[in-house]
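*Asks:* output the structure for:
(one chain, ligands or ions: 1)
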Amino acid sequence: MIDSYRHKGLRKKLVETIAEKGITDMKVLEAIGKVPRHQFMDSGFIEFAYRDQAFPIGSEQTISQPYTVAFQTELLNVQKHDKILEVGTGSGYQCSILLELGAKVYTIERQRELYLKSRALLNKMGYKPYFFYGDGYLGQPKFAPFDKILITAGAPDIPQELLKQLKIGGRMVVPVGDGSGQVMTAIDRLGDDDFKQTEHGYFSFVPMLKGKQ
Ligand code: SAH
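*Replies:* Numbering: from 1, shown residues only. Below is the predicted model:
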């Protein structure tokens with residue numbers, strides 16, 4: 001897959017755009033500057049790959065807006081070697097950003113077609129997360145606990161099962177709300193039954209749905 005000078009130039013501009021919008025974590029900006037977003041998009045949309053916008057990726061889903069990906073990643077405070085559960089593999093773009101930051105990623109997708117497509121693409125690109133086809137509401141109890149949990153779909157409520165799979169000292173980032181919009185929420189696990197919740201503005205995600213398809 002080609003990553004041309006033109007792509008690299010557009011990516012540099014994209015990094016400048018999201019930095020202007022308020023992302024300050026250099027490691028996150030570097031990761032956005034590294035991952036070739038155009039390779040995650042259907043061919044018809046490639047020319048839009050480096051606009052700061054969400055786009056359709058098939059199966060009625062979207063690749064998140066780069067600013068949103070950067071915002072969630074910054075809020076997650078990713079450290080090298082963090083064990084991260086991502087709910088909603090989608091295109092695999094967010095997953096690749098987490099891998100660029102040196103995390104070990106477990107990613108779940110409920111739509112079989114997307115799971116297969118993204119698994120093949122990421123393998124081809126040399127990214128190596130653990131892929132799961134299933135319902136993210138259930139998490140991955142076998143591999144728990146996780147340092148971080150990142151939900152990339154709008155959850156009507158905070159998924160309680162996932163809180164149980166978070167390490168003490170760990171953080172979950174989840175957009176909470178129904179179809180129309182969600183509040184970006186960070187939850188820190190301070191103790192067995194001690195959670196601290198903070199809110200970080202409004203976003204718009206496709207819904208987190210139950211079961212698999
Ligand atoms: N992280 C993705 C964003 C994709 S949009 C990216 O970078 O492209 C959100 C994704 O969450 C969709 O692919 C949707 O199918 C998936 N999803 C929704 N509910 C889910 C659930 N309960 N478990 C796993 N994936 C889910």
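
*Asks:* residues from this protein in reach of the ligand?
*Replies:* The chain has residues 61-64, 87-88, 90-91, 93-94, 108-111, 114, 135-137, 152-153, 206, 208-209 near the ligand, with proximity defined as CB under 6 Å from any ligand atom. For the C-beta atoms, the positions are set from N, CA and C on the backbone; glycine is no exception.

*Asks:* just for this structure, where's the confidence low?
*Replies:* Confidence mapping of the chain against pLDDT under 70 gives zero matching residues.

*Asks:* now the strands for it?
*Replies:* 55-58, 61-63, 83-87, 104-109, 130-133, 146-151, 166-176, 182-191, 194-203 (DSSP state E).

*Asks:* partner strands of the fourth one and their direction?
*Replies:* Spelled out, that is strand 104-109. Here strand 104-109 is paired, per DSSP bridges, with strand 83-87 (parallel), strand 130-133 (parallel).

*Asks:* where is the longest helix in this structure?
*Replies:* Counting residues, the longest helix in the chain under DSSP state H turns out to be helix 5-20.

*Asks:* the residue minimising distance to the centre of the chain and residue 135, how far apart?
*Replies:* With distances taken as CA atoms, centre = their mean, the chain has residue 94 as the residue nearest its mean C-alpha position (3.8 Å). The gap separating residue 94 from residue 135 is 18 Å, by CB to CB, to the nearest Å.

*Asks:* now swap in residue 35 and tell me
*Replies:* Note on residue 35: its distance to residue 135, by CB to CB, is 27 Å.
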